[in-house]
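# I'll drop the sequence and a predicted model, then ask my questions.
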Amino acid sequence: MAVVVLAAGAGTRMKSRIPKVLHSLAGWPMVRHVIENACALRPAPRIVGVVAPGAKSVAAAFAPHAVVVQDKPLGTGHAARAALSALAGHRGPVLVVFGDAPLITTATLRRLVAACSRARAAVGVLGFEAADPAPYGRLILRDGGLEKIVESRDAAPAEKQVKLCNSGVMCISGELLPGLLGAIRNRNAKREFYLTDVVAIARAAGHRTIAVTGEEAEFQGINSREELAAAERALQQRLRRAALDAGVGMQDPETVWLAADTRLAADVSIGPCVRFGPGVSVGVGSEIRAFCDIEGVRIGRDTIVGPFTRIRPGSVVADRVHIGNFVELKATRMGRGAKANHLAYLGDSDIGEASNIGAGTIAVNYDGYGKHRTIIGRDAFVGSNSSLVAPVRIGNGANVTAGSVITEDVPAGALAFGRARQVTKKGRAGELRARLKARAGK
Ligand code: UD1
Ligand code: MG
């Protein structure tokens, strides 16, 4: 099987510097959803992206898959033809999908491929009943098969009454594909090479062509910011439902924002207003309390995070860890049972098992030029309001006293004071106050 992803359109309605198919949806560039859902087909298909000239960032989003360039945007048929060079020798079915329609599921793609194979169809098309059919091509059925697809602008009045619309997703026999694409002409309202013409072309050559129906929600294309936001809502619903079904608890699911790759084990519980960026996994029984923003972290079992915790990419949090309010982690590892319960910045740090990080601790990881690591061993204790000036190491079982600025390594078992000594003068408070009061009176 092969999947051709058309992504050479301009996407001007997004009014953006970023190519449309790279706009983020559930933590991934839009087109990655299409690629991943296609990749989940079995046998794993060959993926070919069709991109516009110079669209380097779009091509990069397809890596490691093949990419071809459509030299001019002359229509979907022309774009599909550009992919032929990457499909040389391919004989199995070829699915054509759009890079800006990211809600299509693997199951629906599979259903189309299976129906084509069962019917020995040269071309199969996914259709749907649209709430508003106006912008879509219409599927004209005949004798239980699909006769042709007419674009809205080219449709006769009777054809405009047809409610069954073209999703754009097609499955075409790989053997017939070069011939079918080669026969497409651009005699139509838009002077474009319409991929949809392959249906009538195949039919005229005596091949079977079929329509398979699906849900409109899966075929929603994205052209504007508003449609992007609507797709995000739809996808979030889907992701939340899947998490709840898998045994994840959520107090207020509507306020939990997941990424497409968020992996939450059973009995994970999520408080309100939590955002998961890409690359998060959370183990059994862990709790993510309200108002957390976490990204790029593997969290173990029976760990408590939040409320109000921020975790940035490159972090690993082991089992039974506690990370509390206003604690930020970046590229930091916390060992089993470690605690950082309040108000801390732990960047580029390694915190050993069962160590305790006091309130107000800062890993001073940046000197204005480079980033440096703070390495803390097992069972260490860092007193409140300490600055650990990296690179620095604190050994197993060491104790850093509160308010310390630690600039030198602290060996295992050592007690470190990095602060000025306190001076206490008995009975002198009244004298000071009298002096200050007199001065203020002047
Ligand atoms: C297309 C279908 C229409 C269908 C609708 C579903 C055709 C002729 N029409 O119309 O029947 O109902 O989708 O949304 O296929 N693209 C390229 N190169 C091009 C032109 C387009 O790569 O030269 C890509 C676009 O980036 C986009 C996709 O193909 O991902 C669809 O193109 P678009 O212009 O949106 O087609 P529609 O007019 O919406
Ligand atoms: Mg479109």
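Right, received. Where do you want to start? Numbering: from 1, shown residues only. Ligands and ions are numbered 1, 2, ... in the order given.
# use CA for all of it now, contacts and neighbours both
OK.
# how much distance is there from the longest helix seen in the chain to the middle of the chain?
The helix that spans the most residues within the chain, counting by DSSP state H, is helix 225-245. The chain centroid and the centroid of helix 225-245 are separated by 12 Å, computed with Cα atoms, centre = their mean, to the nearest Å.
# Next: stretch 324-336.
22 Å.
# Show me what counts as buried in the longest helix of the chain.
Of all the residues in helix 225-245, those buried under the rule 16 or more other Cα atoms under 10 Å are 228, 231-233, 235-237, 239-240, 243-244.
# What's the local residue count around the residue in the stretch 201-350 of the chain that ligand 1 sits nearest to?
Nearest residue of the stretch 201-350 of the chain to ligand 1, counting by Cα to the nearest ligand atom: G221, 5.7 Å away. If you count neighbours by other Cα atoms under 10 Å, G221 ends up with 20.
# So it is in contact with A101, correct?
Yes: with contacts counted by Cα atoms under 8 Å, G221 reaches A101, the gap being 4.3 Å.
# where does the residue of the stretch 201-350 of the chain closest to ligand 1 fall, helix, sheet strand or coil?
coil (DSSP: H, G, I helix; E, B strand; the rest coil).
# any idea how far P64 is from it?
Applying Cα to Cα, to the nearest Å, the value for G221 to P64 is 25 Å.
# In CSV, list the C-alpha atoms belonging to stretch 57-64.
In CSV, the C-alpha atoms belonging to stretch 57-64 read as follows (Å, rounded to 0.1, in the frame of the first residue of the first chain):
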residue,chain,number,x,y,z
SER,A,57,9.7,23.0,6.5
VAL,A,58,6.8,21.1,5.1
ALA,A,59,9.2,18.6,3.5
ALA,A,60,10.9,18.2,6.8
ALA,A,61,7.6,17.4,8.5
PHE,A,62,7.4,14.3,6.2
ALA,A,63,10.8,12.9,7.2
PRO,A,64,11.8,10.1,7.0
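# What is the nearest of the buried residues of helix 225-245 to A318?
Within the buried residues of helix 225-245, the smallest distance to A318 is 21.6 Å, found for A243 (Cα to Cα).
# can you pull the pLDDT of the residue lying closest to the closest one once chain neighbours are set aside?
Closest residue to A243 apart from its sequence neighbours, by Cα to Cα, 6 or more residues apart in numbering: L264 at 7.0 Å. At L264, the model reports a pLDDT of 98.
# hang on, L264 packs against L244?
No: counting by Cα under 8 Å, L264 stays clear of L244, with 9.7 Å between them.
# Quick one: name the residues of the protein near ligand 1.
6-9, 73-76, 79, 98-100, 136-137, 151, 165-168, 194-196, 221 (Cα under 6 Å from any ligand atom).
# Let's verify G124: helix, strand, or coil?
strand.
# Would you mind confirming that it makes contact with R118?
No: in this structure, G124 is not within contact of R118 by Cα under 8 Å, at 11.0 Å.
# of these two, who's got more company?
G124 (28 against 9).
# contacting residues around the more buried one?
112-113, 115-116, 170-172, 209-212 (Cα atoms under 8 Å, 6 or more residues apart in numbering).
# and what of P29?
21-23, 61.
# and what of N341?
322-325, 327, 357-359.
# mind running it again at 6 Å?
323-324 (Cα atoms under 6 Å, 6 or more residues apart in numbering).
# now it: how far from V321?
10 Å.
# now G441
Counting by Cα to Cα - G441 and V321 are separated by 55 Å.
# next one: L415
24 Å.
# higher neighbour count, the two?
When L415 and V321 are compared on other Cα under 10 Å, the one with more neighbours turns out to be V321, at 26 against 13.
# In this structure that one contacts A338, no?
Yes: here V321 reaches A338: they are 5.0 Å apart, a contact under Cα atoms under 6 Å.
# which stretches of the stretch 51-200 of the chain form helices?
56-62, 76-82, 106-119, 157-160, 177-182, 198-204 (DSSP state H, counting those that start in this stretch).
# how about those helices in a markdown table, adding mean pLDDT?
As requested, the helices of the stretch 51-200 of the chain are exported to a markdown table (pLDDT from 0 to 100):
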| stretch | mean pLDDT |
| --- | --- |
| helix 56-62 | 97 |
| helix 76-82 | 98 |
| helix 106-119 | 98 |
| helix 157-160 | 95 |
| helix 177-182 | 98 |
| helix 198-204 | 98 |
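# All set now, cheers.
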